[in-house]
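Undergrad: I'd like to go over a predicted model; first the sequence, then the structure.
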Amino acid sequence: PKALEAAFGDGRVRFHYVDHVEPEPLRALLGRLDPGKTLVNVVSKSGATAETLAAFLLFLRWLEEALGEGWRRHVAVTTDPQKGPLRAFAEREGLASFPIPQEVGGRFSVLSPVGLLPLAFAGVDLEALLAGARKANAQAQGPLEEALPLHTALLQDLHRERPISVFMVYSERLKHLPFWFVQLHSESLGKRDREGRRVGTTALPALGPQDQHAQVQLFREGPPDKLIALVIPEHPVEDLEIPKAEGLEAAAYLQGKTFHRLLRAEAEATYQALAEADQRVYALYLERVDPYGVGWLLQHLMWQTALLGELWGVNAFDQPGVELGKALTRALLG
């Protein structure tokens, strides 16, 4: 939701994502917010995630002290539909609540109430988002020659000896999306396979064109240990022309062009530069960076991940290493 709200939100509602437990930012956030104008949406599938519960306890006390019994109108709970401590708490207190389908894990949950509730508040076009996702479903389940998620999963599989998978998006509006992909790819696929072998590649986020200056030098001339996926918008939703100016002859090649044409040229130049250096690279083209296109991209990547789990012999939908970390955290806290 953070990635999509930043890309498509209409700005009428301010969002704050408390997905950490560092005390100083939490204190600063509480100092800026007005409890009477704040809705706290607590999201946890199990209802027992340490970071979520700790932050919820803090905000719950903050609301109770400011609003008394009225605090209940300022809390929504998104959790398992039947079990868990948050589900029991929501039912006991009569809170507004939304179910996370039992078969859907956190990193696959953006098109469930986990993502759709905040995106509805943000004014995002949910119908277009879901229509794009349905397009990816149709491709994944269609004839093999049209099954694009299978094609990209096979590309990842054919290059599994390259330990780094770069996901580079040419859209400032989607700057948070590569970090979602990092979790989707890493938590789903970095495991022991059915034979007990360690498998997986390390996902690396990148943003174009900024990372043309920060990372592409390494991608092009560094070790041949990467498979690089570029996401390139084909058309703008709205465009701007680059103005002309006297006395700036060095910019003559830019003047009169549009900003999207420049963005597209930089993306395709990166592709060409990498390919000419014999680095492995492929591109996914979005018609536009809009809810439909991004809904398609999200669902495409989730299908790709599920298919890679089958190809690599792992369960893409569990996270035993993460669960061990949670258990050890509880033990260390006594």
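TA: That came through fine. Numbers count the residues shown, from 1 in each chain.
Undergrad: what about the closest residue to Gln255 other than its chain neighbours, distance to Ala153?
TA: In space, and not counting its chain neighbours, Gln255 is closest to Lys244: 4.2 Å by Cβ to Cβ, 6 or more residues apart in numbering. To be clear about C-beta, it is placed using only N, CA and C from the backbone, and glycine gets the same treatment. Distance of Lys244 to Ala153, computed by Cβ to Cβ, to the nearest Å: 47 Å.
Undergrad: With Leu204 instead?
TA: Applying Cβ to Cβ, the value for Leu204 to Ala153 is 18 Å.
Undergrad: Those two: which is more packed in?
TA: Ala153 (22 against 19; other Cβ atoms under 10 Å).
Undergrad: thinking the more buried one is in contact with Gly309, fair?
TA: No - applying Cβ atoms under 8 Å, one finds Ala153 not in contact with Gly309, separated by 9.2 Å.
Undergrad: okay, Lys244: pLDDT?
TA: In this prediction, Lys244 carries a pLDDT score of 87.
Undergrad: Hmm, I typed the wrong one, I wanted Gly321.
TA: 81.
Undergrad: how many neighbours does it have?
TA: If we define neighbours as other Cβ under 10 Å, then Gly321 has 11 of them.
Undergrad: got a list of what the residue lying closest to Gly208 once chain neighbours are set aside touches?
TA: Leaving aside its sequence neighbours, Gly208 sits nearest to Tyr170 (Cβ to Cβ, 6+ apart; 4.0 Å). Tyr170 sits next to 208-209, 230-233, 263-264, 266-267 when contact means Cβ atoms under 8 Å, 6 or more residues apart in numbering.
Undergrad: Mind putting these into a markdown table with secondary structure, neighbour count and distance to Trp71?
TA: Shown next, in a markdown table, are the contacts of Tyr170 (DSSP: H, G, I helix; E, B strand; the rest coil; neighbours: other Cβ atoms under 10 Å; distance: Cβ to Cβ, whole Å):
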| residue | secondary structure | neighbour count | distance to Trp71 |
| --- | --- | --- | --- |
| Gly208 | coil | 20 | 45 |
| Pro209 | coil | 17 | 46 |
| Leu230 | strand | 21 | 47 |
| Val231 | strand | 24 | 42 |
| Ile232 | strand | 20 | 47 |
| Pro233 | strand | 22 | 43 |
| Leu263 | helix | 19 | 46 |
| Arg264 | helix | 18 | 50 |
| Glu266 | helix | 15 | 50 |
| Ala267 | helix | 23 | 48 |
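Undergrad: Identify, from these, the entry nearest to Ser165.
TA: Leu230 (12.4 Å; Cβ to Cβ).
Undergrad: Let me see the contact set for that closest one.
TA: Leu230 is in contact with 168-170, 208, 267, 270-271, 281-284, counting by Cβ under 8 Å, 6+ apart.
Undergrad: same question, Phe181
TA: The neighbours of Phe181, taking Cβ under 8 Å, 6+ apart as the test, are 167, 203, 205, 301.
Undergrad: State the three-state secondary structure for it.
TA: helix (DSSP: H, G, I helix; E, B strand; the rest coil).
Undergrad: any idea how far Gln217 is from it?
TA: The gap separating Phe181 from Gln217 is 22 Å, by Cβ to Cβ.
Undergrad: likewise Ala269?
TA: For Ala269, the distance to Gln217 - Cβ to Cβ - is 14 Å.
Undergrad: Identify each buried residue in the strand or helix carrying His300, please.
TA: Assessed by DSSP states H and E, His300 sits inside helix 291-312. Using 16 or more other Cβ atoms under 10 Å as the burial criterion, the residues of helix 291-312 that qualify are 291-309, 311-312.
Undergrad: For that helix, give the mean pLDDT please.
TA: 98.
Undergrad: what helices or strands is that helix leaning on?
TA: helix 2-8, helix 126-140, helix 148-158, helix 177-189, strand 280-286 (3 or more Cβ pairs under 8 Å, 6 or more residues apart in numbering; DSSP states H and E).
Undergrad: who's in contact with the third one?
TA: When contacts are taken as Cβ under 8 Å, 6+ apart, the neighbours of helix 148-158 outside the stretch itself are 136, 139-140, 144, 165, 201, 227, 229, 282, 284, 300-301, 303-304, 307-308, 311-312.
Undergrad: next structured bit after it?
TA: Next element after helix 148-158 (DSSP H and E): strand 164-169.
Undergrad: Could you list every helix and strand in contact with that next one?
TA: Judged by 3+ Cβ pairs under 8 Å, 6+ apart, the packing partners of strand 164-169 are helix 177-189, strand 202-207, strand 226-233.
Undergrad: looking at these, which is buried most?
TA: strand 226-233 (a mean of 22; mean count of other Cβ atoms under 10 Å).
Undergrad: how many degrees apart are it and helix 148-158 in direction?
TA: Interaxial angle, strand 226-233 versus helix 148-158 (axes from the mean of the first three to the mean of the last three Cα atoms, to 10 degrees): 160 degrees.
Undergrad: Alright, calling it a day.
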